[in-house]
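**Q** Sequence below, structure please.
(chains A and B)
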Amino acid sequence: MNPSDILAAVLVLGGVGLTFGGLIALANKRLKVWEDPRIDGAVDLLPGTNCGACGYAGCRAFAEGLIQGEAQPAGCTNMGEDGIQDVAAFLGVEAGAAVKRVARLLCAGGSNVALQRGDYHGRRTCAAAAAVAGGGKACTWGCLGLDDCADACTFDAITMDAHGLPVVAPALCTACGDCVDACPKDLFTIMPLDQHLIVQCKSMLEGDPAEDLCQVACTACGRCVDDAKPGVIAILGGLAVVDYSKNDKTGPEAIQRCPTGAIQWIEYAQFAPAREPAGSLSS
Amino acid sequence: MNQNVFWILLSAMIVNNFTLMMFLGLCPFMGVSSRVGTAVRMGLANIFVLTITAICAWFLHNFVLPYAPYLRLISFIVVIASMVQITEMAIKKLSPALFRQLGIFLPLITTNCAILGMALWQTTKYDYTLIQGLFYAVGAGLGLTLALVLMASIRENTELSDVPSLAKGTALTLIIAASLSLAFMGFSGLGSAS
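**A** Now for the predicted structure:
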């Protein structure tokens, strides 16, 4: 290779680069779009996790919503009180109030109370187990306990307890809904923290057939319907269903005579955190 | 090299369809094919970039690259990257809604192998004239658009149908893509004598 080759290469590539660089510079001048500088500022203050719990496509879309007045800083469930105040101060808007929402598991059938129909050996994910005849639990609707939700949670809010049930830590949960999507049994639901009366069961069986499979199943006996204020609870499809539009009328009295404990009055967290590591589960 | 330009267009569009026969540009084919409207616009953006790239590639091939033929690949990459950048600015200016819909797939045209493949084939494999190159590029773009629109229409129709949960989503999309590709295989060899 002689020096003129190097020169040719430099000239060719340099020329091409310069020409198109110039074109881009020209296009940038001609086609510049003015963007509200507050959007970038607000994006820097937001958590940047793009979890989507606010209902927008990501943190940037949420920031645009904030500036257009469609959203309030408190709509972000993921940045804590200080962060919300920072954003509100930066944009000069009201912080707003939002009821904290958390993911709730509608199943309490851990391995200690629910009957196992068979042993599942294979990829340890709920999705795979559910594809094999619905998993090993006798109850078709029950939690399989193979950590899909805990894996899906980007905020480490879900840990598995000693009986293979996911425990949601309300303080860490941002209500993003990833666990709702991850669960093949559709057991998770996002609920406001002020809805205390929760039926922790999805079994549509009634009476003894339900209780045979799981000690904490809802047997649709109807005692809670009588104990609660009129119209708050109804029996639908083998389950007690709470009408949350009448949430202010709910009270702990509804759960008093529940024979299985399927309906619970939950102040904060659903289940006790694990004392043993999740690895000690019997499969 | 006195091929009919319309045959070049038709060949690039259907017989040698870039996506379904050459398997180039699969990224937008999978990514932006959920709505027909978006697919059409993505196709138009691709046609635009392809056409501009064809002109630049022809110019480089005939006037610049003879001095340094080994710089073909890198200079084409520079051309494509710049053209996509300019297209992106133009779309952002002219149609912010489209800009949002295309999202990450617009900058990804930069690395869309269909564009680079077109530029390389146009210059080295066929050695087209400017006019032929332009028809080739538009044909390739129309072919991409055709593939995107076909895919999007099928996906819109399967969206509400009862699909076994194992095959839902990406799996079904890949199965549809395979069937479409098989269908286009029927054109292979067409007009190869000319």
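**Q** Identify the residues contacting the residue in the stretch 101-250 of chain A positioned nearest to chain B.
**A** Proximity of the stretch 101-250 of chain A to chain B (CB to the nearest CB) peaks at A:Ala131, 6.6 Å away. Heads up, the C-betas are built off the backbone N, CA and C, glycines and all. Residues in contact with A:Ala131 (CB atoms under 8 Å, 6 or more residues apart in numbering or on different chains) are A:184, B:165-166.
**Q** what about B:Pro164, how many residues close to it?
**A** For B:Pro164, the tally of surrounding residues (other CB atoms under 10 Å in any protein chain shown) stands at 8.
**Q** ok, A:Ala234 - contacts?
**A** A:225, A:240-241, A:243.
**Q** Correction: the previous question concerned B:Leu190.
**A** B:14-15.
**Q** ok, of the contacts of A:Ala131, which come out buried?
**A** A:Pro184 (16 or more other CB atoms under 10 Å in any protein chain shown).
**Q** mind listing the helices for chain A?
**A** Chain-ordered helices for chain A, with DSSP state H as the definition, fall at A:3-30, A:37-45, A:59-67, A:80-91, A:126-131, A:148-152, A:178-182, A:207-213, A:223-227.
**Q** CA atoms of the fifth one as PDB?
**A** The C-alpha coordinates for helix A:126-131 follow below in PDB (Å, rounded to 0.1, in the frame of the first residue of the first chain):
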ATOM      1  CA  CYS A 126     -45.700 -21.200  36.100                       C
ATOM      2  CA  ALA A 127     -46.300 -20.700  32.400                       C
ATOM      3  CA  ALA A 128     -44.700 -24.000  31.500                       C
ATOM      4  CA  ALA A 129     -46.500 -25.800  34.400                       C
ATOM      5  CA  ALA A 130     -49.800 -24.300  33.400                       C
ATOM      6  CA  ALA A 131     -49.300 -25.600  29.900                       C
END
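**Q** For it, the averaged confidence score.
**A** Regarding helix A:126-131, the rounded mean pLDDT is 89.
**Q** How about the first one?
**A** In this model, helix A:3-30 carries a mean pLDDT of 88.
**Q** which helix of chain B spans the most residues?
**A** Chain B, longest helix under DSSP H: helix B:130-158.
**Q** And for the residue of chain A found nearest chain B, nearest residue in space, chain neighbours not counted?
**A** Residue of chain A nearest chain B, by CB to the nearest CB: A:Phe20 (3.6 Å). Distance criterion CB to CB, 6 or more residues apart in numbering or on different chains; nearest residue to A:Phe20, sequence neighbours excluded, is B:Ser82 at 3.6 Å.
**Q** just to revisit the earlier point, let me know the closest of the contacts of A:Ala131 to A:Asn247.
**A** Closest approach between the contacts of A:Ala131 and A:Asn247, by CB to CB: A:Pro184, at 29.0 Å.
**Q** Now that that closest one has come up, it's in contact with A:Ala127, right?
**A** Yes. The criterion here is CB atoms under 8 Å, and A:Pro184 meets it with A:Ala127 at 5.0 Å.
**Q** hmm, back to that, neighbours of the residue nearest to A:Phe20, how many?
**A** Count around B:Ser82 with other CB under 10 Å applied: 23.
**Q** Quick one: name the residues of chain B near chain A.
**A** B:60, B:64-65, B:67-68, B:70-71, B:74-75, B:78-79, B:82-83, B:85-86, B:89-90, B:92-93, B:96, B:165-166 (CB under 8 Å from any CB of the partner chain).
**Q** Setting aside sequence neighbours, what's the nearest residue to A:Asp148?
**A** Nearest one to A:Asp148, counting by CB to CB, 6+ apart, is A:Cys126 at 4.0 Å.
**Q** And for B:Ala54?
**A** In space, and not counting its chain neighbours, B:Ala54 is closest to B:Ala137: 3.5 Å by CB to CB, 6+ apart.
**Q** can you list the domains in chain A?
**A** Following automatic domain parsing, one gets these domains for chain A: A:38-91, A:101-265.
**Q** Any idea which of the ones you listed gets closest to B:Thr53?
**A** Closest among the domains of chain A, using CB to CB: domain A:38-91, at 30.1 Å.
**Q** Now find how far off-centre the closest one is within its chain.
**A** Chain-centre distance of domain A:38-91: 18 Å, with CA atoms, centre = their mean, to the nearest Å.
**Q** ok, and does that domain reach over to chain B?
**A** No. Domain A:38-91 lies out of reach of chain B by CB under 8 Å from any CB, never closer than 8.7 Å.
**Q** Can you give me the first-to-last residue distance of that domain?
**A** Domain A:38-91 has an end-to-end distance of 7 Å (CA to CA, to the nearest Å).
**Q** which residues sit in contact with A:Phe188?
**A** A:103-106, A:149, A:179-180, A:182.
**Q** nearest to B:Gly103, of the domains of chain A?
**A** Taking the domains of chain A one by one with CB to CB, domain A:38-91 is closest: 9.3 Å.
**Q** and that closest one, what's its mean pLDDT?
**A** Averaged across domain A:38-91, pLDDT comes to 84.
**Q** With stretch B:69-84 instead?
**A** 88.
**Q** ok, and for it, which residues are buried?
**A** Result for stretch B:69-84 [16+ other CB under 10 Å]: buried residues B:71-72, B:75-76, B:78-84.
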